[in-house]
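A.B. asks: Here is the input, now give the coordinates:
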Amino acid sequence: MVPANNKIIQTVLERALHLIALLILIALPCVAQTHKSTAKNAHTAPPCDGSQLSLNRDSEDGATGGKGVYYSFQNTSSSPCTLRGYPVFVLLDDAEHQIPRIRIKHRVGRASNVTLAPRGKAFFYIYYRSCEFARGAEPGHSKPCMFSAKVRIDAPGTKRAFVLPEPIDPDERVVEVSQVSRQSENPSSGA
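C.D. replies: Below you'll find the model as predicted:
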């Protein structure tokens with residue numbers, strides 16, 4: 001009778017081991033995913049606060065009436081921070097009032113976090129067709145071009161507004177704005 005009890009005990013132990021192995025196989029991906037997301041979050045800098053940033057107008061270029069103006073946000077703090085998405089871009093008149101009926105188009109692209117190390121930069125650009133050039137190239141236009149005196153640029157995800165002198169004359173009142181990125185991009189590349 002003892003051998004039968006040993007057989008039962010052996011069967012119960014085998015089934016228990018199989019059940020434990022199955023539970024481990026089920027739990028392992030969950031544990032690994034939790035560790036992975038914890039590690040990822042540990043390396044992600046917090047969103048930038050407006051007080052951590054400065055704005056620079058870096059350069060401009062243009063050909064056949066298309067103009068690109070390049071800007072960068074710089075992290076002026078001693079801690080890294082993250083920007084994501086599009087800056088708010090507004091054309092202003094001499095009195096710093098928003099010029100009505102300007103259409104801001106966002107250049108399509110996949111948004112990604114841009115981590116700015118201390119003194120690090122995130123770049124974006126605007127692109128527009130110059131009204132003055134377009135009207136000069138198309139005879140018979142009597143309608144005057146509209147020029148901004150300044151622009152207001154809000155860093156993405158912040159309430160920090162920067163106002164810069166910037167005469168922009170967008171044909172058909174359209175200005176394209178890119179997302180922030182790790183490097184400066186050329187708008188004519190179709191980014």
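A.B. asks: Give me the secondary structure label for residue 6.
C.D. replies: helix (DSSP: H, G, I helix; E, B strand; the rest coil).
A.B. asks: By average pLDDT, which secondary structure element in the chain comes out worst?
C.D. replies: In the chain, no helix or strand scores lower on mean pLDDT, DSSP states H and E than helix 2-43, which sits at a mean of 60.
A.B. asks: pLDDT on the very next helix or strand once past that one, on average?
C.D. replies: Using DSSP states H and E, the helix or strand that follows helix 2-43 in sequence is strand 53-63. Strand 53-63 comes out with an average pLDDT of 93.
A.B. asks: export strand 53-63 as CSV, just CAs?
C.D. replies: Extracted C-alpha coordinates of strand 53-63, given in CSV (Å, rounded to 0.1, in the frame of the first residue of the first chain):
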residue,chain,number,x,y,z
LEU,A,53,13.7,78.3,-21.3
SER,A,54,15.0,81.0,-23.6
LEU,A,55,14.2,81.5,-27.3
ASN,A,56,16.6,82.3,-30.0
ARG,A,57,16.0,83.2,-33.7
ASP,A,58,18.8,81.2,-35.3
SER,A,59,18.6,81.9,-39.0
GLU,A,60,16.4,82.2,-42.1
ASP,A,61,16.6,81.2,-45.7
GLY,A,62,14.4,81.6,-48.8
ALA,A,63,14.1,80.8,-52.4
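A.B. asks: So which other helices or strands are in contact with that strand?
C.D. replies: Contact here means 3 or more C-beta pairs under 8 Å, 6 or more residues apart in numbering; DSSP states H and E; on that basis strand 53-63 packs against strand 66-75, strand 161-165. C-beta coordinates here come from the backbone N, C-alpha and C atoms, glycine included.
A.B. asks: among these, which is the most enclosed?
C.D. replies: strand 66-75 (a mean of 21; mean count of other C-beta atoms under 10 Å).
A.B. asks: check contacts around residue 157.
C.D. replies: Residue 157 makes contact with 47-48, 83-85, according to C-beta atoms under 8 Å, 6 or more residues apart in numbering.
A.B. asks: Pretty sure residue 136 sits in a helix.
C.D. replies: Yes: under three-state DSSP, residue 136 falls within a helix.
A.B. asks: how close does it get to residue 148?
C.D. replies: Distance check for residue 136 against residue 148: by C-beta to C-beta, to the nearest Å, it reads 19 Å.
A.B. asks: still on that earlier bit, okay if I get the helices and strands packed on strand 53-63 as CSV plus mean pLDDT?
C.D. replies: Shown next, in CSV, are the helices and strands packed on strand 53-63 (pLDDT from 0 to 100):
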stretch, mean pLDDT
strand 66-75, 96
strand 161-165, 97
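A.B. asks: Quick one, which of these gets closest to residue 90.
C.D. replies: The minimum distance between residue 90 and these falls on strand 161-165, with 8.6 Å, by C-beta to C-beta.
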